[in-house]
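Trainee: please work out how this folds:
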Amino acid sequence: MNNHDRSAAASLIAAYREGLGLASVSLLCGPAGICIETERDGGGTEATAKTKLARWWCRRPSEAEWVAAAARARLRRRKAVDRDIAAFASAAQHETASDEASLASESIASAAKQLNIALLSDEEICDQASAVVARIDRELETLQRSGGLRSINTAYREYRIKASRRGGRILRYQDWMLKYREKLVRELASTLRYF
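Mentor: Okay, here's the model as predicted:
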């Protein structure tokens with residue numbers, strides 16, 4: 001898969017997440033150490049100095065907030081217990097016992113389970129999005145074979161005319177079609193939002 005194809009796949013997956021209204025609970029590592037944050041559709045932390053170690057998706061932003069808050073509380077309690085244990089154990093044993101990223105990941109999973117909130121991995125979201133994209137691509141292919149893309153091609157021509165009148169940049173057909181597919185994926189995902 002070349003860079004353009006990877007970029008197109010990533011944008012279609014992002015459109016799927018956006019359509020579903022997903023929010024993530026992310027495990028991040030930054031200058032201050034391990035932290036747990038929430039993000040709406042994965043945006044926001046890429047611009048920070050934090051490295052994303054893991055990410056899970058929730059169906060609703062409020063669920064992501066609840067899981068993150070409960071996981072942070074669990075992690076704080078666990079760290080306090082580990083500090084108490086470290087006072088009585090050797091330093092080597094403490095280092096093994098307190099792998100912070102592992103503890104944080106376990107805290108997130110435990111919090112979600114306690115709150116009865118399903119967490120979806122990036123792979124699960126990617127698989128679901130791929131199925132939706134494949135369905136849309138099959139429909140577009142069927143339309144193309146039957147001559148049903150005339151309205152889409154007409155819309156592209158109208159877009160080009162309007163963009164040239166404004167003096168704006170005109171997207172190539174391939175790029176415009178990707179935006180059109182993103183819109184279809186977003187709309188289809190939004191219909192699946194509460195199923």
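
Trainee: in a strand, L171, correct?
Mentor: No. Going by DSSP: H, G, I helix; E, B strand; the rest coil, the assignment for L171 is coil, not a strand.

Trainee: so what does the top helix by length along the chain touch, helix or strand wise?
Mentor: Across the chain, the longest stretch assigned as helix under DSSP state H is helix 61-88. Where contact means 3 or more Cβ pairs under 8 Å, 6 or more residues apart in numbering; DSSP states H and E, helix 61-88 is packed against strand 23-30, strand 33-40, strand 51-58, helix 91-97, helix 100-115. Yep, even glycine has a C-beta here, placed from its N, CA and C like the rest.

Trainee: can you pull the buried residues of that helix?
Mentor: Using 16 or more other Cβ atoms under 10 Å as the test for burial, helix 61-88 gives 61, 63-64, 66-68, 70-72, 74-75, 78-79, 82.

Trainee: between that helix and strand 23-30, how big is the angle?
Mentor: Here helix 61-88 runs at an angle of 30 degrees relative to strand 23-30 (axes from the mean of the first three to the mean of the last three Cα atoms, to 10 degrees).

Trainee: can you pull out the low-pLDDT segments for this protein?
Mentor: 41-48, 81-98, 194-195 (pLDDT under 70).

Trainee: hmm, 50 instead?
Mentor: Scanning the chain for pLDDT under 50 picks out the ranges 44-47, 91-98.

Trainee: now the element after whichever strand or helix holds I136, going C-ward?
Mentor: Following DSSP states H and E, one finds I136 within helix 122-146. Counting by DSSP H and E, the next helix or strand C-terminal to helix 122-146 is helix 150-166.

Trainee: then that next one to PDB, C-alphas only?
Mentor: As requested, the backbone C-alpha atoms of helix 150-166 are provided in PDB (Å, rounded to 0.1, in the frame of the first residue of the first chain):
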ATOM      1  CA  ARG A 150     -23.600  10.600 -13.800                       C
ATOM      2  CA  SER A 151     -25.000  12.600 -11.000                       C
ATOM      3  CA  ILE A 152     -21.800  12.300  -9.000                       C
ATOM      4  CA  ASN A 153     -19.700  13.300 -12.100                       C
ATOM      5  CA  THR A 154     -22.100  16.200 -12.700                       C
ATOM      6  CA  ALA A 155     -21.600  17.300  -9.000                       C
ATOM      7  CA  TYR A 156     -17.800  17.200  -9.600                       C
ATOM      8  CA  ARG A 157     -18.100  19.300 -12.700                       C
ATOM      9  CA  GLU A 158     -20.300  21.800 -10.800                       C
ATOM     10  CA  TYR A 159     -17.700  21.900  -8.000                       C
ATOM     11  CA  ARG A 160     -14.900  22.600 -10.500                       C
ATOM     12  CA  ILE A 161     -16.900  25.400 -12.200                       C
ATOM     13  CA  LYS A 162     -17.600  27.100  -8.800                       C
ATOM     14  CA  ALA A 163     -14.100  26.600  -7.600                       C
ATOM     15  CA  SER A 164     -12.600  28.200 -10.700                       C
ATOM     16  CA  ARG A 165     -15.000  31.100 -10.500                       C
ATOM     17  CA  ARG A 166     -13.900  31.800  -6.900                       C
END
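
Trainee: no further queries at this time; thank you.
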